[in-house]
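K.L.:
with the input below, show me the fold.
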Amino acid sequence: MSILLKNVTLEKGREVNIYIEDNLILEISKEVKDADKILDCNNKIVIPGLANMHTHAAMILLRGYADDMLLQEWLEKKIWPIEAKFNEEIVYYGTKLACLEMIKTGTTLFSDMYLYMKAALKAVKEMGLRAMLAEAYFDFFDEEVAEQYKKKSLEFLNEVKREGCERIIAALGPHAIYTVSKDSLEWISELANEKDVRIHFHLSETEKENKDCIKKYGKSPTKYLAEINFLSNRVFAAHAVYLSERDVRLLSNHNVKVVSCPTSNMKLCVGSALNYPLLKKHKVLVTLGTDSASSNNNLDMFEEMKFFSLLQKFYHANPVLLPAKETFEIASTNAYKALGLNGGKIEEGALADIVVLNAKNHYLLPTHNLISNLVYSANGSVVETVICDGKILMECGKVKDEDKIKQDGINAIKKLIQENG
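P.N.:
Numbers count the residues shown, from 1 in each chain. Coordinates of the predicted model:
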């Protein structure tokens, strides 16, 4: 299929036509080419799709379910007990609802770690987004439980391979050092090398995690992981709030990618902030994520960009830190680069993951600096049309079957709560 975006405005105000064929941007020029689908983009701005590199998509069904709590209390008393009752149906409908929200707010790529990921795989395939998906792995230091999760992880990798959807990348999802044993972490690292897949992992989200690790092993989580040969260029480390310079050097030496989740970190009050200047100094690639909608409480990457930039400026007392353009690249280009994909940019030959914005939206006016407006002013409401992998997922604010997707999600979580008290 071919698509022509006619009379679009690019970041620097240049008006062009963008011709898409199959899943690639083939031409950016003044030429008006014939296409299967022509979209009149007069008074529209085109940007690359945004990337949410750490979330637990189906947890959107727990939005507002447990707020204003301490992190461990939130997990142990509210989240983990209800998640224990989740099933494939819940994850399928929850993931579809999350995909809908991401599409509506301009995200074209996301990285998800959760339960019942075969159901999530089905949902993502239907919704049309690009994704890295990982079956979450917890063994709680129990060998029998570990064997169950090894089986689940292998089954999921095989399922993704069988589906053969080029938009979907399989990954492994060990939760964290406090929920996964050393033997399992070593097994996962070896399997990732054998199968050539990535690892999605929580690292140093809280001070307690670090202190407990030092008490147990006499070293930081990062050093512990380095010593068991877990760290590699395959690892995407979410949060990474409590890192020393020595830790950052280790991440850099192993080419680990970091995913910052500022809104969730602030809401759950982890007590510190990602040290972006230190990570940048040591050339660690940083990406951005929302975490789940139960701890954010949305999946809007425009909002996440703003919180990321402002939190860094505030925490480091430096108003020139993380200018808007750098923040925007972290939320788009960096994620595609981290996955080795030619995307997150509006260039000939790049993947056709494109977001069309309404240039007349009040959040974007006046346009002294478009990128500043996108980072500091806009939210997902500025998005009108979304194209992922060369397919139109939303046109003029409408996604196919969106009302049904919303109602199915509401019905699924309502049924679960009613059945389980």
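K.L.:
mind telling me what element the residue nearest to residue 134 when sequence neighbours are not counted is part of?
P.N.:
Nearest in space to residue 134, with sequence neighbours left out and distances taken as C-beta to C-beta, 6 or more residues apart in numbering, is residue 173 at 3.2 Å. All C-beta atoms are positioned from the backbone trio N, CA, C, and that covers glycine. Following DSSP states H and E, the helix or strand that holds residue 173 is strand 168-174.
K.L.:
next, the angle from whichever helix or strand comes after that strand to strand 168-174.
P.N.:
Of the helices and strands lying after strand 168-174 in sequence (DSSP H and E), the nearest is helix 182-195. Here helix 182-195 runs at 160 degrees with respect to strand 168-174, directions being taken by axes from the mean of the first three to the mean of the last three C-alpha atoms, to 10 degrees.
K.L.:
buried by neighbour count: which residues of helix 182-195 qualify?
P.N.:
When burial is assessed from 16 or more other C-beta atoms under 10 Å, helix 182-195 yields the following buried residues: 184, 185, 187, 188, 189, 191, 192.
K.L.:
okay, that helix in CSV with CA atoms only?
P.N.:
Extracted as CSV, the C-alpha positions of helix 182-195 are listed here (Å, rounded to 0.1, in the frame of the first residue of the first chain):
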residue,chain,number,x,y,z
LYS,A,182,21.1,-15.6,40.5
ASP,A,183,20.6,-18.9,38.8
SER,A,184,17.7,-17.6,36.8
LEU,A,185,19.4,-14.4,35.9
GLU,A,186,22.4,-16.4,34.6
TRP,A,187,20.0,-18.7,32.7
ILE,A,188,18.2,-15.7,31.1
SER,A,189,21.5,-14.1,30.1
GLU,A,190,22.7,-17.3,28.4
LEU,A,191,19.3,-17.8,26.7
ALA,A,192,19.3,-14.2,25.4
ASN,A,193,22.7,-14.8,23.8
GLU,A,194,21.6,-18.1,22.4
LYS,A,195,18.3,-16.8,21.0
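K.L.:
pLDDT of it, averaged?
P.N.:
The predicted model assigns helix 182-195 a mean pLDDT of 98.
K.L.:
list the helices and strands the strand holding residue 173 packs on?
P.N.:
Judged by 3 or more C-beta pairs under 8 Å, 6 or more residues apart in numbering; DSSP states H and E, strand 168-174 is in contact with strand 107-114, helix 117-127, strand 130-137, helix 143-163, helix 182-195, strand 198-203.
K.L.:
for residue 30, what are its contacts?
P.N.:
16, 17 (C-beta atoms under 8 Å, 6 or more residues apart in numbering).
K.L.:
hmm, 6 Å instead?
P.N.:
When the contact criterion is C-beta atoms under 6 Å, 6 or more residues apart in numbering, residue 30 has no partners at all.
K.L.:
look up how far residue 18 lies from it.
P.N.:
Computed as C-beta to C-beta, to the nearest Å, the residue 30 to residue 18 distance reads 11 Å.
K.L.:
ok, back up a step: need the winner for burial among the helices and strands packed on strand 168-174.
P.N.:
strand 107-114 (a mean of 29; mean count of other C-beta atoms under 10 Å).
K.L.:
tilt between that one and strand 130-137?
P.N.:
Taking the same axes, to 10 degrees, strand 107-114 and strand 130-137 form an angle of 10 degrees between their directions.
K.L.:
remind me which residues of this structure are low pLDDT?
P.N.:
By pLDDT under 70, the low-scoring segments of the chain are 421.
K.L.:
partner residues bridging residue 37?
P.N.:
For residue 37, the beta-bridge partners are residue 3 (DSSP bridges).
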